[in-house]
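Q: Give the three-dimensional model of this entry:
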Amino acid sequence: MTTVPKTSPFTLAVCAEMVFRSQPVLERLKRITALGFQAEIWDWTKHDIGAIAKSGATFSSMTGYITGTLADDAGADELLRTARQSIPIARELNCPRLNLHGTGLDGQGLPIVKSEVITGAMWLKAVDTLKRIADLGEEEGVTFVLENLNEAVDHPKTPFAKAADTIALVAAVNRPSLKLNLDLYHAQIGEGNLIELCRTALPHIGEIQVADVPGRKEPGTGEINYPAIARALAEMGYRGTIGMEAWPSGDDELALSRFRNAFSL
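A: Residues are numbered from 1 along each chain as shown. Take a look at the predicted model:
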């Protein structure tokens, strides 16, 4: 009997901030590309954009702001200002998605503006801010994506952290220039029920990011059944990007191979 080799129906990307970390970022990008993946980066201000634009990498997403927050006037204005600054960088890298959070994060991933409680006024302000972001995206021909985070392990007291929050905000805006970056690692810690979460979020998803729980390692090292999620996503009709935002548990190439296998059908 002939065995048909598995292939992925998704576009697979890897976060260059988290793999091959013993090497300079240019070498990381070249290795990610050589292994057949697209690449993602975080804070673009920390990179030589001209150099990485010539690396040969195809970029999937990047952080789409420098500072700012969703739910207060000054923070919203700052978010819009630095989102606008990010757009020429995205163009230079030919990067289709610019990632946002409920508030800026510091070097340890902690929120610059902490929130114990999200008030109704904060929700209304966040929707207004994201409408302005969507206007900017339409004006400039780019897509912003809003990422869910987790508060229990990595990002305590981050406003609008849960996937339920980000889905509600993006659905309230309901514009093609604002989508979800649905991070299943964060969602497993915060909410679980991942396949149904994907089904609920599906009309609004711009990208899906993955890592396993616990430890934020590559798929196949923890409790999340990523092959089952991959099958369910394919059955739902999702054919977009899956980005691995995970620390390798050991050998980097082995981690990337496990990621590819988890999302090949």
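
Q: what are the phi and psi angles of Thr11?
A: phi -90, psi 120 (degrees, to the nearest 10).

Q: The chain: strands as residue ranges?
A: For the chain, applying DSSP state E gives strands covering 11-15, 38-40, 59-63, 97-100, 143-147, 178-183, 205-210, 241-244.

Q: got these as JSON lines, with mean pLDDT columns?
A: Supplementary listing: the strands of the chain in JSON lines, determined by pLDDT from 0 to 100:
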{"stretch": "strand 11-15", "mean pLDDT": "98"}
{"stretch": "strand 38-40", "mean pLDDT": "98"}
{"stretch": "strand 59-63", "mean pLDDT": "98"}
{"stretch": "strand 97-100", "mean pLDDT": "98"}
{"stretch": "strand 143-147", "mean pLDDT": "98"}
{"stretch": "strand 178-183", "mean pLDDT": "98"}
{"stretch": "strand 205-210", "mean pLDDT": "98"}
{"stretch": "strand 241-244", "mean pLDDT": "98"}
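
Q: And those strands: which comes nearest Met122?
A: Each of the strands of the chain has some distance to Met122 by C-beta to C-beta; the shortest is strand 143-147, at 14.9 Å. No exception for glycine: its C-beta is placed from N, CA and C like everyone else's.

Q: quick one: low-confidence ranges for the stretch 1-150 of the chain?
A: Applying pLDDT under 70 to the stretch 1-150 of the chain flags residues 1-5.

Q: Could you rerun that using 90?
A: Within the stretch 1-150 of the chain, the stretches with pLDDT under 90 are 1-6, 104, 106-110, 113, 116.

Q: which residues in it form helices?
A: Secondary structure of the stretch 1-150 of the chain (DSSP state H, counting those that start in this stretch): helices at 25-34, 49-53, 73-93, 120-140.

Q: Could you measure from Leu182 over to Glu218?
A: Separation of Leu182 from Glu218 (C-beta to C-beta, to the nearest Å): 18 Å.
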